[in-house]
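# Take a look and give me a structure for this.
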Amino acid sequence: MSQDDGQKSASSVSVSQYVPPPSVVPHNQFDTRTPLQQVFYWTPDQWEQFTCEWVRMRRSEFGYLGVEVLGGTNDRGADVVAFMSEQRLNGVWHCYQCKHYADDLTLDDALPEMIKPFVATLETSRTLPARYIFVAPKIHPRLKDMVLTPAALKDRFLTYLDGRTKPVAALSPQTRTAVRALAQSTDFSMFWTVNLDEVLELYSKSPLFSSRFNLPPTGKPRKLLPPPEPQVNEARYLQQLLDVYQERFGEDIATVQHAFEHPHSGEHLGRQRVAFFDAEALRMYARESIAGDTYEELQDDVLTNLIEVAAIDYPSGWDRLQQVLKASGQMTLTGSPLLHLFRNSQRQGMCHQLANVDKLHWCKGGCQ
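Residues are numbered from 1 along each chain as shown. Next up, the predicted model:
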């Protein structure tokens, strides 16, 4: 995307009537504007990156082997490119031209850009893209209509080449003649436009959606029930609970089965396993629904709140466990998009997740 594009970007002209006056989004709060409203405040570079992310979501649809951003002053009209063969720009590929204007992208805006792939094919080893797609927040109806009638679009482009506009005048006579000849032999169904609604519909299904638009994640975690038999991934936190039970209830609790059968520890152990798997369900939900390390960051915040509680001297490991579980339900957390889903059971379960990796301990030095 060239510097000239920026002259017509939303950062330098009035914003669309579809967008309310800008509001400052308070720190650690979700954005109340819709994605459709937010995009008009983006910079051209943000729009280009968003387009690249969207194109990568279309890999399976078109069989893309790779997607790259080429945008810059010498991109030759190719901001985002998607390869469909190992030959990349020398083979079959799609070109996405990103335009972030406050006003509609018009036919007059598009015609100078349409010259670029022809010139690039003549002056470099690039092939013509199989598709050349204009991606903009708003597309003018006339441009949409012309793209839907490739023959009429070709006639309009050839007429444009006969004019005296600055982009055409910048071509040498030889290049203009060569561009005309190549355009005459080209099927103009290669040119497409994309509606923003269509882009957002696909993007909304991605884990990137919530973080990109600072929105709360949709849906909720699936319920995970503890399996009847303890799993390998439960070993360490269960051993820590066994240490607590041995200290409190006696040496006869040597295994998880013993703990379940014991009249005082059985129900308690069952509740802790339910909490652990509630937290596991939230962890899996975060991994599938939100980009980045959101759950791990929440764990770090929780550990920061609880580590000092666990460090206090207590009469027993049972007392330490109870105080940490109690504190997990009382702590105030901010900033995580998961907080509206972070119930007490999951808070307690996260304590056991942290114990499972030895970041929290209930019995100092282990209980015998």
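# how about the spatially closest residue to Gly292 that is not a sequence neighbour, secondary structure?
In space, and not counting its chain neighbours, Gly292 is closest to Ser211: 6.2 Å by C-beta to C-beta, 6 or more residues apart in numbering. C-beta coordinates here come from the backbone N, C-alpha and C atoms, glycine included. In terms of secondary structure, Ser211 is helix; the call rests on DSSP: H, G, I helix; E, B strand; the rest coil.
# right, and Phe118 touches Ala181 too?
No: at 9.5 Å, Phe118 and Ala181 do not qualify as touching, with contact defined as C-beta atoms under 8 Å.
# quick one: which of those two has more around it?
Neighbour count, other C-beta atoms under 10 Å: between Phe118 and Ala181, Phe118 has more, with 22 against 12.
# Report the spatially nearest residue to the more buried one, omitting neighbours in sequence.
Here the residue nearest Phe118, using C-beta to C-beta, 6+ apart, is Val179, at 4.6 Å.
# For Leu161, see how far away the one you found is.
Distance of Val179 to Leu161, given as C-beta to C-beta, to the nearest Å: 7 Å.
# still on that earlier bit, okay, the residue nearest to Gly292: pLDDT?
With respect to pLDDT, Ser211 scores 71.
# so it makes contact with Glu297?
No: counting by C-beta under 8 Å, Ser211 does not reach Glu297; the two are 11.7 Å apart.
# Where do the helices of the stretch 251-368 of the chain begin and end?
Secondary structure of the stretch 251-368 of the chain by DSSP state H, counting those that start in this stretch: the helices cover 256-261, 266-289, 294-311, 317-330, 344-356.
# Can you get me a residue count around the residue nearest to Gly292?
Taking other C-beta under 10 Å as the criterion, the count of residues near Ser211 is 16.
# related to what we said a few turns ago, got a list of what the residue nearest to Phe118 touches?
Counting by C-beta atoms under 8 Å, 6 or more residues apart in numbering, Val179 makes contact with Ile115, Phe118, Val119, Leu122, Leu161, Leu171.
# Could you find the closest non-adjacent residue to the fifth one?
Spatial nearest neighbour of Leu161, chain neighbours left out: Arg180 (5.4 Å); criterion: C-beta to C-beta, 6+ apart.
# List the buried residues in the host helix or strand of the one you found.
For Arg180, the enclosing helix or strand under DSSP states H and E is helix 173-184. Of all the residues in helix 173-184, those buried under the rule 16 or more other C-beta atoms under 10 Å are Arg176, Ala178, Val179, Arg180, Ala183.
# And for stretch 280-289?
Across stretch 280-289, burial judged by 16+ other C-beta under 10 Å covers Glu280, Ala281, Leu282, Arg283, Tyr285, Ala286, Ser289.
# For Leu225, state which of these is nearest.
Each of the buried residues of stretch 280-289 was scored against Leu225 by C-beta to C-beta, and Ala281 proved nearest at 9.6 Å.
# Wait, that closest one touches Pro221, no?
Yes: using C-beta under 8 Å, Ala281 is in contact with Pro221, at 4.1 Å.
# shaky segments in the stretch 51-200 of the chain?
71-75 (pLDDT under 70).
# which one of the helices of the stretch 251-368 of the chain is the most hemmed in?
With neighbours defined by mean count of other C-beta atoms under 10 Å, none of the helices of the stretch 251-368 of the chain is more surrounded on average than helix 344-356, at a mean of 22.
# Could you tell me which ranges of the stretch 251-368 of the chain sit under the pLDDT cut-off?
For the stretch 251-368 of the chain, the stretches flagged by pLDDT under 70 are 291, 365-368.
# Quick test: name the residue nearest the centre of the protein.
By C-alpha atoms, centre = their mean, the mean C-alpha position of the chain lies nearest to Leu208, the distance being 1.4 Å.
# close enough to count as contact, that residue and Glu53?
Yes: if you go by C-beta under 8 Å, Leu208 and Glu53 touch, sitting 5.9 Å apart.
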